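S.K.: The following block contains a protein sequence and its predicted model.
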Amino acid sequence: MWSQKTWGEMSFEHDAAKARLDANTRMYVADRENPLPENITDTSGIESLIDNYNQAYGEAKASNEQRYQQALGILNQNTGQRLADVRSDAGGEKSKIFQNLARSGLGGSSVGNVEAAGVDRRMNEELNRTSDALAGSRAGLIERREDTYPDQGGLMGLISGMMSGQGSKGLTNLSKTLGVIKY
């Protein structure tokens with residue numbers, strides 16, 4: 001159903017993916033500081049950088065979704081338990097009503113049914129409140145969801161620096177290369 005990984009393990013995986021991208025980015029800083037001569041239009045280094053970015057992006061996206069699904073699962077599990085508790089409490093309350101009526105000699109009267117209907121009404125009201133609280137909690141979880149991904153702006157800055165001075169042929173190759181960036 002849900003992964004048994006802890007928040008720390010998932011955060012570690014996410015941080016590791018970001019670290020791999022950062023390490024690969026540092027490799028290309030030298031290229032940015034020392035641009036290629038104008039007659040060189042090789043984009044293999046940029047393609048490698050983009051491949052590493054896309055891999056880190058995919059890992060971050062999977063890690064973010066896993067954390068979100070785990071949080072949603074915990075929320076659903078806790079709410080499901082609360083709904084079961086409400087139903088159980090109502091059943092116990094109805095049993096007490098009928099036992100007390102039987103002890104007092106009114107077990108066959110309509111009083112028990114009227115009181116049981118009141119218990120059912122209160123139970124349904126509590127179930128509705130709990131369901132509404134779940135919907136609010138889900139909305140809050142969705143609203144507060146802040147997924148982090150590798151920095152696309154930094155990637156674009158590196159690529160721009162690496163490609164400066166390559167002329168129109170370099171720009172043509174660059175536009176083909178940039179088409180595979182995920183975002």
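M.R.: On my side now, so go ahead.

S.K.: max-length helix in the chain?
M.R.: Criterion DSSP state H: the longest helix present in the chain is helix 44-103.

S.K.: Next, the angle from the next helix or strand after it to helix 44-103.
M.R.: Once helix 44-103 ends, the next helix or strand along the chain (criterion: DSSP states H and E) is helix 111-143. Interaxial angle, helix 111-143 versus helix 44-103 (axes from the mean of the first three to the mean of the last three CA atoms, to 10 degrees): 170 degrees.

S.K.: The helix or strand following helix 111-143 to helix 44-103, inter-axis angle?
M.R.: Later in the chain than helix 111-143, the nearest helix or strand by DSSP H and E is helix 152-163. Helix 152-163 and helix 44-103 are oriented at 170 degrees to each other (the same axes, to 10 degrees).

S.K.: Now for the protein, the helix or strand with the poorest mean pLDDT.
M.R.: helix 7-33 (a mean of 56; mean pLDDT, DSSP states H and E).

S.K.: Averaged pLDDT, the longest helix of the chain. What do you get?
M.R.: Averaging pLDDT along helix 44-103 yields 87.

S.K.: Ok, stretch 146-159 next?
M.R.: The model assigns stretch 146-159 a mean pLDDT of 78.

S.K.: Equivalent analysis for stretch 109-120, please.
M.R.: 88.

S.K.: Which strands or helices does the longest helix of the chain pack on?
M.R.: The elements that helix 44-103 packs onto, with contact taken as 3 or more CB pairs under 8 Å, 6 or more residues apart in numbering; DSSP states H and E, are helix 7-33, helix 111-143, helix 152-163, helix 167-178. For glycine as for every other residue, the C-beta is placed from the backbone atoms N, C-alpha and C.

S.K.: try it again with 6 Å
M.R.: helix 7-33, helix 111-143 (3 or more CB pairs under 6 Å, 6 or more residues apart in numbering; DSSP states H and E).
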